[in-house]
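Visitor: Mind looking at a prediction? Sequence and model below.
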Amino acid sequence: MNKWNIDQVPSQPGKVAVVTGANSGIGYEITLGLVKKDVEVIMACRNMQKAEEAKAKILHVHPQAKIKPMMVDLSSLNEVKKFAHQFGSHYDRLDLLINNAGIMMSPYKVTEDGFENQLATNYIGHFALTGLLLPLLTGTSGSRIVTLSSLSYKWAKIQFDDFHFRRGYSRRKAYGQSKRACLIFAFELQRRLSAAGSDTLSVAAHPGLSKTNLDQYFPALIRPLGSLFLQSAQKGALPVLYAALGKEVAGGEFIGPDGFQQIRGYPTKVDADAYSRNKEVARHLWKASQEMTKVFYLGNNIYDKINSSKNQNIVFSQVCFKWMGSRSENRHKLYAGH
Ligand SMILES: NC(=O)c1ccc[n+]([C@@H]2O[C@H](COP(=O)([O-])OP(=O)(O)OC[C@H]3O[C@@H](n4cnc5c(N)ncnc54)[C@H](OP(=O)(O)O)[C@@H]3O)[C@@H](O)[C@H]2O)c1
């Protein structure tokens with residue numbers, strides 16, 4: 001690929017994108033890139049003041065930009081469900097979902113749902129958000145879901161017997177596990193979308209090493225060193241923008257920088273290790289994620305069901321909406337009437 005950048009993309013008016021963690025770092029630059037192409041962006045952020053400040057900064061440079069900050073705390077399933085409900089009552093299409101928000105190597109914390117905080121924020125919240133927005137995504141022709149992983153996915157495998165580090169916490173392993181889960185999820189989501197006959201694409205991306213606020217939990221003395229060798233957030237956003245808008249991108253691909261060790265550079269297709277592509281691991285993770293979130297979509301038996309049924313659309317909508325009736329006390333009226 002020849003040094004792809006956003007200038008190669010034609011204007012895309014009418015398209016709608018949700019970018020999580022859009023107020024800072026990579027998410028801010030993704031938002032900037034998308035509004036340059038006339039995409040309407042919903043900045044899904046946990047801090048409305050920061051989101052409004054980021055919006056004002058963008059409007060200063062692009063006064064025509066269509067941007068709407070909306071509140072979501074990815075570490076809370078309740079907040080994710082509220083966001084999806086609010087989004088669904090304002091919008092009838094979703095072209096791009098960018099699962100970007102994240103924290104890295106934070107101190108041990110258990111969320112209100114009882115989850116380890118890095119896994120909850122980086123992965124579980126996005127699993128739920130994707131499922132809740134899926135009817136809108138699959139109803140929008142040519143839509144894409146881009147999920148952010150990291151080179152750090154290699155730091156850990158999935159601890160199926162101790163997802164939440166109750167037996168002892170490692171900040172590094174917890175971050176690695178969460179980013180590994182994001183990668184496995186992006187691949188499995190594509191397999192399930194394809195099996196369901198949907199043209200929505202799921203793509204994984206990573207930004208190499210980029211200077212952002214992600215190092216906020218690093219020791220103060222180390223943080224300034226980042227500026228010496230990390231690439232800019234603007235450059236780090238390119239693989240994500242390419243995954244979202246690049247013409248040649250296929251579902252199930254992993255996009256990262258093309259430079260030395262994928263640390264910096266222009267977007268290219270990169271490899272993932274065998275464990276991240278392992279279908280059995282992915283199936284277990286999907287099942288566990290559904291159980292943790294109570295958001296059921298593209299169900300676990302989808303391959304069997306589709307093989308025994310000629311009508312993929314019926315199967316697809318059945319599994320998409322299964323979550324709606326799955327729990328009487330937690331029943332959400334999202335997309336009622338759709
Ligand atoms: N920078 C890198 O070198 C690098 C490398 C590999 C992967 N990544 C990935 O890139 C993504 C973006 O990170 P970044 O580098 O741009 O870091 P960043 O500047 O710290 O941005 C992270 C964004 O996520 C938001 N966020 C954190 N917790 C959240 C929550 N509970 N609910 C909603 N939003 C939340 C943050 O909001 P606040 O501003 O309110 O904190 C911020 O907007 C992450 O998924 C990260 O794992 C980054």
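Guide: That came through fine.

Visitor: Dihedrals phi and psi, the residue nearest the centre of the chain?
Guide: Closest residue to the average C-alpha location of the chain: residue 99 at 1.8 Å, with Cα atoms, centre = their mean. Residue 99 adopts backbone torsions of phi -80, psi 80, taken as degrees, to the nearest 10.

Visitor: just residue 277 next, same as before
Guide: The phi/psi pair for residue 277 (degrees, to the nearest 10) reads phi -100, psi 0.

Visitor: Repeat that for residue 162.
Guide: phi -160, psi 60.

Visitor: Any residues of the stretch 151-300 of the chain in contact with the ligand? List them.
Guide: Contact residues, the stretch 151-300 of the chain versus the ligand (Cβ under 6 Å from any ligand atom): 206, 207, 209, 210, 212, 213, 214, 236. For glycine as for every other residue, the C-beta is placed from the backbone atoms N, C-alpha and C.

Visitor: Mind putting the residues you listed into JSON lines with distance to residue 246 and neighbour count?
Guide: Shown next, in JSON lines, are those (distance: Cβ to Cβ, whole Å; neighbours: other Cβ atoms under 10 Å):
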{"residue": "206", "distance to residue 246": "15", "neighbour count": "28"}
{"residue": "207", "distance to residue 246": "15", "neighbour count": "31"}
{"residue": "209", "distance to residue 246": "21", "neighbour count": "20"}
{"residue": "210", "distance to residue 246": "19", "neighbour count": "23"}
{"residue": "212", "distance to residue 246": "22", "neighbour count": "23"}
{"residue": "213", "distance to residue 246": "27", "neighbour count": "14"}
{"residue": "214", "distance to residue 246": "24", "neighbour count": "24"}
{"residue": "236", "distance to residue 246": "16", "neighbour count": "26"}
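
Visitor: does residue 98 count as helix, strand or coil?
Guide: On the three-state scheme (DSSP: H, G, I helix; E, B strand; the rest coil), residue 98 is labelled strand.

Visitor: what's near enough to touch it?
Guide: By Cβ atoms under 8 Å, 6 or more residues apart in numbering, the contact list for residue 98 reads 17, 18, 19, 20, 27, 30, 146, 148, 240, 244.

Visitor: Out of the residues you listed, the closest to the ligand would be?
Guide: Closest approach to the ligand among these (Cβ to the nearest ligand atom): residue 148, at 4.0 Å.

Visitor: Within its local environment, how many residues does the closest residue to that closest one other than its chain neighbours see?
Guide: Nearest residue to residue 148 in three dimensions, chain neighbours excluded: residue 100, at 5.0 Å (Cβ to Cβ, 6 or more residues apart in numbering). Residue 100 has 28 neighbours, counted by other Cβ atoms under 10 Å.

Visitor: And for residue 170?
Guide: By other Cβ under 10 Å, 14 other residues sit near residue 170.

Visitor: how far away is it from the ligand?
Guide: Here the criterion is Cβ to the nearest ligand atom, to the nearest Å. By it, residue 170 lies 17 Å from the ligand.

Visitor: What does the pLDDT read for that residue?
Guide: In this model, residue 170 is scored at 98, pLDDT.

Visitor: Could you say which helix or strand holds the residue nearest to residue 121 when sequence neighbours are not counted?
Guide: Residue nearest to residue 121 in three dimensions, not counting chain neighbours: residue 75, with 4.5 Å by Cβ to Cβ, 6+ apart. Taking DSSP states H and E as the definition, one finds residue 75 inside no helix or strand.

Visitor: Same check on residue 275?
Guide: helix 274-277.

Visitor: What is that helix packed up against?
Guide: Packed against helix 274-277 by the contact rule (3 or more Cβ pairs under 8 Å, 6 or more residues apart in numbering; DSSP states H and E) you find helix 171-195.
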